[in-house]
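J.: Show me the folded form of this:
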Amino acid sequence: MKTGSLTVGSSTAGSSRTGIRTVAFDGDDTLWRSQDYFDEAQLVYERIVGAYVDLADARVHERLYAFEKDNIDWFGYGVKGMTLSMIEAAVAITESRISAADVHRIVQLGKELLRHPVELLPGIREAVEAIAARHDIVLITKGDLFHQEAKVRDSGLSGLFRRIEIVSEKDVPTYARLLEELDVAPSQFVMIGNSLRSDIVPVLQLGGWGVHMPYHTTWSHEREADVAGLDARMRVSADPQGLPAAVASIVEAATERAA
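T.: Numbering: from 1, shown residues only. Here you go, the predicted structure:
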C-alpha cells in the first residue's frame, strides 16, 4: 500500500465479461457513517456561538456554510477544513468577542471528529463482497489524506479493493484521469455513492454509470447537483442490500447498449 493521494490494494475478482469492467465505491456515508458526526459537532458549535449572539438573527448556520464553501479551495474537504471554518466564522459572527476558551472548545470538536471510530453501514460489507465477486472494485474517496487513510485502514474493507484513491476533489477531470489510469472506458465504469454532486453527476457527464444510495443526512454542498437528462444511466438503491441488484441492472443495460 502506497501513501499519498494514491493507494493501491490487492486485486480481487477478474474483469466482468459484460460491458461493465469496474465498479467504484465512495467512502463517507456510502461505506461508513460520517455526516452524522459533522451534524452533531455543528449543533455543539452553534450552542457555543449562541452564548454571544441570537442564532436566528445571526444566521449562524448559513454563515458557517458560506465560510466552509469559500474555504474549500484553501483547506479542502474534511474535519480540518470544517474546524478552521468554524473558528473563522465564530470570530466574524461574534465580532471578535468569542473567548480563547471557546475557540479552544471548537478545536476540541475537530479533534473529537478525528477520533470517531469507523462504523460501517449495516449490510455494506456483504454488498461490497457480492459485487467484488463479479467485478474489479475500487474505492474513490475525498477529504483529508491522513483521516481518509485511517478510515480506510480501520474499515477492514481495504483488501477487497483493487485500487484505493484519496482525492482532493471529485469532478470530471479527476474521474477522467482515474479512468485513464485504470484503462477503463466511461461506458465500462460504475460509481456508487451518496452524493449526486461528487459521486454521480461527474461520472454520468463522462458517459459512465452511477448508483445513487442516498444517506439520511447530507452536507448542503453535496446536494447542489442536477441529473436532468443524465438519469437514464443512473440507478437508485435505498440501502446497501439493494446495491448488487442495482449494479446487475446496469450490467444488463450496458450489455444491451454494447450489443
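
J.: didn't residue 254 look like it was pressed against residue 22?
T.: No - applying CB atoms under 8 Å as the test, residue 254 and residue 22 come out as separate, 11.8 Å apart. Just so you know, the C-beta spots here come from the backbone N, C-alpha and C atoms, and that holds for glycine as well.

J.: Now list whatever residues contact both of these two.
T.: Shared contacts of residue 254 and residue 22, defined by CB atoms under 8 Å, 6 or more residues apart in numbering, are found at residue 188.

J.: What ranges does the stretch 51-200 of the chain have for its helices?
T.: Listed in chain order, the helices of the stretch 51-200 of the chain (DSSP state H, counting those that start in this stretch) span residues 55-58, 60-75, 79-93, 100-115, 124-132, 145-155, 172-182.

J.: Please state the offset of the last one from the chain centre?
T.: Put plainly, it is helix 172-182. Its chain's average C-alpha position is 17 Å from that of helix 172-182, according to CA atoms, centre = their mean, to the nearest Å.

J.: How about the second one?
T.: Between the mean C-alpha location of helix 60-75 and the chain-wide mean there is a distance of 18 Å, by CA atoms, centre = their mean.

J.: in it, what counts as buried?
T.: Of the residues in helix 60-75, those with enough neighbours to count as buried (16 or more other CB atoms under 10 Å) are 60, 64-65, 67-68, 71, 75.

J.: low-scoring stretches of the stretch 151-259 of the chain, by residue?
T.: For the stretch 151-259 of the chain, applying pLDDT under 70 flags the ranges 219-224, 259.

J.: switch to 50 and redo it
T.: Along the stretch 151-259 of the chain, the model assigns pLDDT under 50 to no residue.

J.: Can you show me the strands along it?
T.: 163-167, 189-193, 209-212, 234-236 (DSSP state E, counting those that start in this stretch).

J.: Which neighbouring elements make contact with the first one?
T.: Counting by 3 or more CB pairs under 8 Å, 6 or more residues apart in numbering; DSSP states H and E, the packing neighbours recorded for strand 163-167 are strand 6-7, strand 136-142, helix 145-155, helix 172-182.

J.: highest average neighbour count across these?
T.: When those are scored by mean count of other CB atoms under 10 Å, the highest mean neighbour count falls to strand 136-142 (a mean of 24).

J.: follow-up on the earlier one: so for residue 100, which of the strands of the stretch 151-259 of the chain sits nearest?
T.: When these are compared by CB to CB, strand 163-167 sits nearest residue 100, at 33.8 Å.
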